[in-house]
Structure formats: structure tokens, C-alpha cells
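# give me the fold of what follows.
(one chain, ligands or ions: 1)
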Amino acid sequence: MDPHVIIIGGGFAGLDAARVFADARVRVTLLDRHNHHVFQPLLYQVATAALSPGDIASPIRWILRHQQNAEVFLADVTAIDTTARTVTTDGGTFSYDFLIVASGANHAYFGHDDWEERAPGLKTLDDALEMRRRVLLAFEAAERETDPAAQRRLLTFVIVGGGPTGVELAGALGEIARHTLRGNFRHVQPESSRILLLEGGPSVLATFPEKLRRAAQKSLEKLGVEVRTGCVVTAVDADGVIAGGERIAAQTILWAAGVAASPLAKSLGVPLDRAGRVAVEPGLNIAGHPEVFVVGDLCAFVQDGKPLPGVAQVAKQEGAHAARNVLRAIRGEPLQPFRYINFGNVATIGRGSAVVDIGPLRVSGWFAWVFWLLLHIFWLIGFRNRFVVLSEWAWSYITFQRRIRLITGTKDSR
Ligand SMILES: Cc1cc2nc3c(=O)[nH]c(=O)nc-3n(C[C@H](O)[C@H](O)[C@H](O)COP(=O)(O)OP(=O)(O)OC[C@H]3O[C@@H](n4cnc5c(N)ncnc54)[C@H](O)[C@@H]3O)c2cc1C
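Next comes the predicted model:
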């Protein structure tokens, strides 16, 4: 019988691993707790009512429909036993010859898990819908509120974390408040909303060159976003946050900071870094197990003395490399060390503004935004998604509108 490869996770890393096996003589089982792959870089657009969940996600079963040697199971993996070579799920136990663990990471609250309820993070489609609900509900509640101080609190939005996700969320909120909702309310002016982006480090977009960081901050400020750097959040409660020693009364707090690796890492019984990510060998396998690979956000791979960042390109390249190493092992060849090729970074700041840092190309502004837009269309999975997203963006660009302003879920379940 052909060797059995189990892949845990159908994110960027897991899917790219599965695809490498398309013509290989192996049996592939992909396990994921969700039935869909999410294009996470555009989650903030669902959270800010620009796109629908279906525009940025596709069923994993559908993505792999032509790959006859691959089966997909909806299953939550609860443990891995590297001695018995088994994976335990909520729906039974699977045995493997080779294992690729690609279960990703989640946001972290730096030891304050109780903050999550007041300050939700963004990782899944459900998270994005919850953020959208909270943002739109805040405007609705402000419209009914008669006390000016309470109204002010309802129209104050705090985003914690000045990485790409925080910057993109802040930019999109600025655009919603200043353009999309203008004239839609009778008792409040959405454009008077206060949007704060709080970053503990010295600047936003820390991984970008200085010039682009400054350009991003300027674009945010043009959208009315108050950017505070060197500002550490020390409390999150029913009233808002305490940041940099100051209390900020805010109804809506969105979390875009910190990373904690999938708890599955613990069951591998190997060293983990501070974020719970797995230290791997140069071939992306774990020490003493040439048949177990860890890739993507769950993997702590150090290259040239620095850990690789948790971004899609790293996950994709690691996933594909681990799969190629599985095929090498099956052929009796040694595992090849992994080396990441960095194609660069991009981030957008609201309508018509972005920063691009790719090789010698370091630009900001409108052309950078068009580049960002085309890149994301290219990356999206499926022709339908590309077509729908492009037409939604074109429509929003022309009309300043966001079509998906729907409040779903229970109004009072906050
Ligand atoms: C809001 C946001 C914006 C981002 N923006 C960018 C960007 O602009 N550019 C960029 O390069 N990167 C961006 N990233 C980072 C990028 O999305 C990640 O680096 C990438 O998704 C990591 O891929 P992965 O396959 O390791 O994990 P993921 O894509 O997270 O996939 C993990 C998969 O494992 C599944 N899973 C987890 N635990 C289990 C379990 N116990 N059992 C079964 N299945 C499980 C999950 O359901 C998921 O499908 C962003 C991330 C977020 C959250």
C-alpha cells in the first residue's frame, strides 16, 4: 500500500503541502476543524463590511476535488502520539507514516485571556463577523443614546496592535466613519468618531522600512486615526482600556496583537519558543522524527539568526518544502534543508493607499494600493472569488460604499 501522509490544517501551509502530492504515489488525509480554507489577509475586509465571508473562503474539499489521492475530513485534532504514529481527533484516531502539522496560530493576550471577551481578535470568519457586528452595533447604539458622554464612548473605537492587521483595520474603520456612514444617521455624525490605533513598540508596521512606516502613519492620520506608539495597554474592562497610563472610554475594542501557536504543539513533546511555536530541524522535521514535519505559523524556523515571520509566504514555502521532503524520504534520499525566499511585504491603509516593500520596490500611495489589490486578487483561490472581490472593490471605490453592512447574531449577546 502507498505510504499514508496526514496533514493537519488546510491553511496556506497545509494546502500547499497537499498540492505537492498531486501526482505522487501516496495517500493523503487532510484534517481540519473547519470545512473551509480562509484567505486571512482579507479577513479585515469581512470585519469592516467590505466583503462577504464566501468571497474570501473556499471549501477545502472543493479545492482538492481533482486530487484523487487526497481525502478530506472535518475533524478537530486533539492529540498527536509520535511514538505510536497516531493522530487523535473528535471523530476517531488515524495512523500515519508521515505527518505534516500545519495547524497555525491564534492571537494572544499576553497572559490576560479574560480580555478576549471585550477585545476580540481576528483569525476566523466567525471572528470577522463578530467584529463587524460590534462595529455596526456601536453606531446603532450611539444613534439612540442621548447622553453626550455615553455617545462619545460608543463612537470611540480602539484597535490594539500596529502590525498589518491593526493598520488595515484602523484604515478601514476610518473610511467607514468618514465616508461610508456619512449622512446615514440623524442623531450622530459618524465622521466625528474617534479611532485610536495603539502600538506598544516605537512604530506601526515594524517590519517595513522607516520611510514606509512614516507614510503609513501619515495615511492613517489623514483618515482621522489617532496613532499612538510606545503605548502599552495595561487593562481592558467594561469601560474601555487603560493605555500608556491613560483611561480611554471606548465601547469597541479590537485586538490585533500577539501570537500564540496552536496548542497541538505541546503534544509533540519537543522544545517550544515563548509563543508556543515548535523548534524544527533544518529539514522542517522535529528532532528524532524524520517523519514528522511542522510548518507555517506553528513552526519556529530560524534563518540567518532570526525567526521567520508568521506570514502567508513563509507558510506556503514551508508547506511545499515539507511535502517534497516527505517524497525524498520515501525515495530513501536525505531531507533537504529549508531556505525561505522573501518576496517582500505589502499592507494597505484604507481606500487608495498602501505600502509595498518588495525587493528594490519601496513605494507608498495609490500605485502601491493598485499593486496590493492585484496581488491579493492573484492570491485568492478560485475564479469566482477573484471576480466577485474585484467587482466589490471597484464598486466600493467608485461609490465609497460597503455593501455588507449587516448586523447578524444576537443584538444583546455582547
Ligand atoms: C487577520 C490576519 C491578517 C493577515 N494578513 C496577512 C497579510 O496581509 N500577508 C501575509 O503574508 N500574512 C498575513 N497573515 C498571516 C497569514 O495568514 C498566516 O501566516 C498564515 O495563514 C499561516 O498559515 P498556516 O497554514 O500556518 O495557518 P492557518 O492559515 O492559520 O491554517 C491553520 C489551519 O489549521 C486548522 N486547525 C487549527 N487547529 C486545528 C486542530 N486542532 N484540528 C484541526 N484543524 C486545526 C485551522 O482551522 C486552519 O484551517 C494574516 C493573518 C491574520 C490572522
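# make it CA atoms for all contacts and neighbour counts henceforth
Will do.
# buried residues in stretch 300-308?
For stretch 300-308, the neighbour count (16 or more other Cα atoms under 10 Å) marks 300-301, 308 as buried.
# next one: stretch 175-189
175-181, 188-189.
# which one among these gets closest to residue 357?
residue 175 (23.6 Å; Cα to Cα).
# gap between residue 408 and the ligand?
Using Cα to the nearest ligand atom, to the nearest Å, we find residue 408 at a distance of 20 Å from the ligand.
# and stretch 267-279, is it in reach of the ligand?
No. Applying Cα under 6 Å from any ligand atom, one finds stretch 267-279 separated from the ligand by no less than 10.7 Å.
# again with stretch 380-388
No. Figure legend: stretch 380-388 not in contact with the ligand (Cα under 6 Å from any ligand atom); closest approach 12.0 Å.
# ditto for stretch 359-379
No. Applying Cα under 6 Å from any ligand atom, one finds stretch 359-379 separated from the ligand by no less than 8.7 Å.
# how far does that stretch sit from the chain's center?
Offset of stretch 359-379 from its chain centre (Cα atoms, centre = their mean, to the nearest Å): 19 Å.
# now stretch 271-287
That offset, for stretch 271-287, works out to 21 Å (Cα atoms, centre = their mean).
# mind listing what's buried in it?
Applying a neighbour-count criterion of 16+ other Cα under 10 Å, one finds 272, 275-286 buried in stretch 271-287.
# how long is that stretch end to end?
Counting by Cα to Cα, to the nearest Å, you get 9 Å between the two ends of stretch 271-287.
# and of the buried residues of stretch 271-287, the nearest to residue 241?
Once Cα to Cα is applied, the member of the buried residues of stretch 271-287 that ends up nearest residue 241 is residue 275, at 24.0 Å.
# name the surrounding residues that touch the helix or strand bottoming out on mean pLDDT in the chain.
Lowest mean confidence among the helices and strands of the chain (mean pLDDT, DSSP states H and E): helix 383-399, at a mean of 87. Helix 383-399 has contacts (Cα atoms under 8 Å, 6 or more residues apart in numbering) with 50-51, 54-56, 351, 377-378, 380, 401-403.
# also stretch 155-166?
Outside stretch 155-166, the residues that touch it by Cα under 8 Å, 6+ apart are 41, 44, 138-139, 142, 169-170, 190, 192-200, 203-206, 233, 249-258, 347-348.
# mind checking which of these land in strands?
194-198, 233, 249, 252-255, 347-348 (DSSP state E).
# quick one: residues contacting the residue of the stretch 301-414 of the chain found nearest the ligand.
The nearest approach of the stretch 301-414 of the chain to the ligand comes at residue 311, 3.2 Å away (Cα to the nearest ligand atom). Each residue near residue 311 by Cα under 8 Å, 6+ apart is listed here: 296-297.
# cool, the one 5 residues further on as well?
Remark: with contacts taken as Cα under 8 Å, 6+ apart, residue 316 is in contact with 12-14, 16-17, 296.
# the same query, at a cut-off of 7 Å, please.
Counting by Cα atoms under 7 Å, 6 or more residues apart in numbering, residue 316 makes contact with 12-13, 16.
# ignoring the adjacent residues along the chain, who's closest to it?
Nearest non-adjacent residue to residue 316, counting by Cα to Cα, 6 or more residues apart in numbering: residue 13, 4.6 Å away.
# the one you found contacts residue 101, doesn't it?
No. When contacts are counted by Cα atoms under 7 Å, residue 13 is not listed as touching residue 101 (9.0 Å).
# between the two, who's got more neighbours?
Shown here are residue 13 and residue 101; by other Cα atoms under 10 Å, residue 13 has more neighbours (32 against 26).
# doesn't that one lie inside a helix?
Yes. Residue 13 sits within a helix when classified using DSSP: H, G, I helix; E, B strand; the rest coil.
# which pLDDT value belongs to it?
Looking at residue 13, its pLDDT reads 98.
# from residue 293, how far off is it?
11 Å.
# number of residues surrounding residue 16?
20.
# quick one: it and residue 30, what's the gap?
12 Å.
# please work out the average pLDDT along stretch 41-61.
Here the average pLDDT along stretch 41-61 is 94.
# ok, stretch 245-261 next?
95.
# try stretch 319-336
98.
# ok, now stretch 162-169?
For stretch 162-169, the per-residue pLDDT averages 94.
# and if you look at stretch 207-226?
Mean predicted confidence for stretch 207-226 is 93.
# picking up where we left off before, which ones among the contacts of helix 383-399 lie within helices?
Residues of the contacts of helix 383-399 located in helices (DSSP state H): 377-378.
# ok, and the most crowded of the contacts of helix 383-399?
Going by other Cα under 10 Å, residue 56 tops the contacts of helix 383-399 with 25 neighbours.
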